[in-house]
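Student: Need coordinates for the below:
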Amino acid sequence: MDSKNYAEVLIDGEIYTLGGQEEEAYLQKVASYINEKISMLKKQNGFTKQSKDYQVTMVELNLADDYFKSQDLVRSLEEQNQALEKEVYSLKHELVTTQMKLEKIQKELADLKK
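Tutor: Down below sits the predicted model:
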């Protein structure tokens, strides 16, 4: 069974202890991502004048937006991958067919030369 890892991270000026199966570097990366979102939102006019609840909700909405956009991208890339795999299969089949025709013609040519 995997052991639980803990890491102290700084998020929006507060220190939190995160725990999970992931390595500390990953937990720090997650905290850094959240800090980037918070920093980006704080640069927008009027954001810091809103209530803390509003600010937290806006951060959550931005994270959810990123998540859903990433999911859409993954789906799109998976569909592209499937289409490319089908095309590769088709091209391989065409190559084998062409090679068989070439071998047949080469044999016929060799028979004619005899």
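
Student: This protein: helices as residue ranges?
Tutor: 24-42, 52-113 (DSSP state H).

Student: Quick check: pLDDT value at Leu63.
Tutor: You'll see Leu63 listed with a pLDDT of 97.

Student: Not counting its neighbours along the chain, what's nearest it?
Tutor: The shortest distance from Leu63 to any non-neighbouring residue, by C-beta to C-beta, 6 or more residues apart in numbering, is to Lys37 (6.3 Å). The way it works is simple: take the backbone N, C-alpha and C, and place the C-beta from them, glycine included.

Student: circling back: closest to Ile11 out of the helices of the chain?
Tutor: Ile11 lies closest, by C-beta to C-beta, to one member of the helices of the chain: helix 24-42, at 5.3 Å.

Student: Please tell me how far that closest one is from the chain's geometric centre.
Tutor: With C-alpha atoms, centre = their mean, to the nearest Å as the basis, helix 24-42 stands 18 Å off its chain's centre.

Student: Packing partners of that helix?
Tutor: Packing contacts for helix 24-42, counted by 3 or more C-beta pairs under 8 Å, 6 or more residues apart in numbering; DSSP states H and E, involve strand 5-11, strand 14-20, helix 52-113.

Student: Same list (these) but as CSV, adding distance to Lys29 and mean neighbour count.
Tutor: Converted to CSV, the helices and strands packed on helix 24-42 look like this (distance: least, C-beta to C-beta, whole Å; neighbours: other C-beta atoms under 10 Å):
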stretch, distance to Lys29, mean neighbour count
strand 5-11, 10, 14
strand 14-20, 11, 11
helix 52-113, 14, 10
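
Student: Switch those over to JSON lines, and while doing so, append distance to Gln44 to every line.
Tutor: Rendered in JSON lines, the data for those read as follows (distance: least, C-beta to C-beta, whole Å):
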{"stretch": "strand 5-11", "distance to Gln44": "19"}
{"stretch": "strand 14-20", "distance to Gln44": "21"}
{"stretch": "helix 52-113", "distance to Gln44": "9"}
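
Student: and the residue nearest the centre of the chain, what pLDDT?
Tutor: When C-alpha atoms, centre = their mean is applied to the chain, the residue found nearest the centroid is Val74 (5.8 Å). Note for Val74: predicted pLDDT of 98.
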